[in-house]
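Sharing a model that was predicted from the sequence below.
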Amino acid sequence: MQTVKMVVTGPFNAGKSSFIRSVSEIDVVSTERKISATAKRVKETTTVAMDFGRITVDEALVLYLFGTPGQKRFDFMWEILSEGMLGFVVIVDSARPETFREAMGILHTFRAYAPTPYVVAANKQDMEDSWSVDDLRIALKLPEEIKMLPCVASDKDTVKNVLLELLYSIMEEMDIPERE
């Protein structure tokens, strides 16, 4: 049995936990904690260590998904979670341009941890004010060869598409033939 460790990362409230929850075949192991009261609350909880999910692709291949915390104060977990990863997904909230720079910083940090394949998921494409994938690519200054995919983290099909694209990149890099 081949196991593939993938890390799902991105800024706070980008959709990392929802992304993993939507496709995991097991109950997601989560370290979410309540957020202290703020004037402009975006959500009730935040991941403080990691989220963990699993997907069995077939009898010979299992994906392990490790979601990182998005808040900067928990970034010490990023390097720990990146150990042994074969690829990673950077989730960008395409409806919140104020997080784009942070997303790029996270992408560069993970590239420094390991030169593994990665894809960028343009999340929240179902929202009226979301940026298109093409506009987001320009804003993030991503070259054409970087896979940037539309996504809705709560939609299993778009999440599966993102993970498959990453898996194909990993298999190509490892020179593993694609499965039928």
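Cool, got the structure. Numbering: from 1, shown residues only.

and residue 109, how far is that from residue 72?
11 Å (Cβ to Cβ, to the nearest Å). In this view, the C-beta of every residue, glycine as well, is placed from N, C-alpha and C.

of the two, who's got more company?
It is residue 109, of residue 109 and residue 72, that has more neighbours when counted by other Cβ atoms under 10 Å, with 15 against 12.

which outside residues touch the longest helix seen in the chain?
Longest helix in the chain by number of residues, with DSSP state H as the criterion: helix 156-173. Outside helix 156-173, the residues within contact range by Cβ atoms under 8 Å, 6 or more residues apart in numbering are 4, 6, 19, 22-23, 55, 57, 63, 65, 86-89, 116-119, 121, 125, 147, 149-153, 177-178.

Need the buried ones from those selected in ChimeraX.
Buried residues among the contacts of helix 156-173 (16 or more other Cβ atoms under 10 Å), as a ChimeraX selection:
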select :4,6,19,22,23,55,63,65,86,87,88,89,116,117,118,119,121,125,147,149,150,151,152,153
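
Filter the contacts of helix 156-173 down to the ones in helices?
Of the contacts of helix 156-173, the ones assigned to helices by DSSP H are 19, 22, 23.

Name the nearest residue to the first one, sequence neighbours excluded.
When you say that, I think you mean residue 19. Nearest non-adjacent residue to residue 19, counting by Cβ to Cβ, 6 or more residues apart in numbering: residue 153, 4.1 Å away.

Repeat that for residue 30.
Closest residue to residue 30 apart from its sequence neighbours, by Cβ to Cβ, 6+ apart: residue 51 at 5.0 Å.

Where does that neighbour sit: helix, strand or coil?
Following DSSP: H, G, I helix; E, B strand; the rest coil, residue 51 is assigned to strand.

Distance of residue 156 relative to residue 20?
11 Å.

Between those two, point out the one with more neighbours.
Legend: neighbour count by other Cβ under 10 Å for residue 156 and residue 20, higher for residue 20 (27 against 12).

what about the protein, any weak spots by pLDDT?
For the chain, the stretches with pLDDT under 70 are 29, 31-49, 176-180.

Spell out the residue ranges of the strands in it.
Taking DSSP state E, the strands of the chain run over residues 2-9, 29-34, 45-58, 61-67, 87-93, 118-123, 148-150.

Turn the ones you listed into a markdown table, including distance to residue 81.
Below are these laid out as a markdown table (distance: least, Cβ to Cβ, whole Å):
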| stretch | distance to residue 81 |
| --- | --- |
| strand 2-9 | 6 |
| strand 29-34 | 11 |
| strand 45-58 | 6 |
| strand 61-67 | 5 |
| strand 87-93 | 9 |
| strand 118-123 | 14 |
| strand 148-150 | 22 |
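
looking at those strands, which is closest to residue 131?
strand 118-123 (7.4 Å; Cβ to Cβ).
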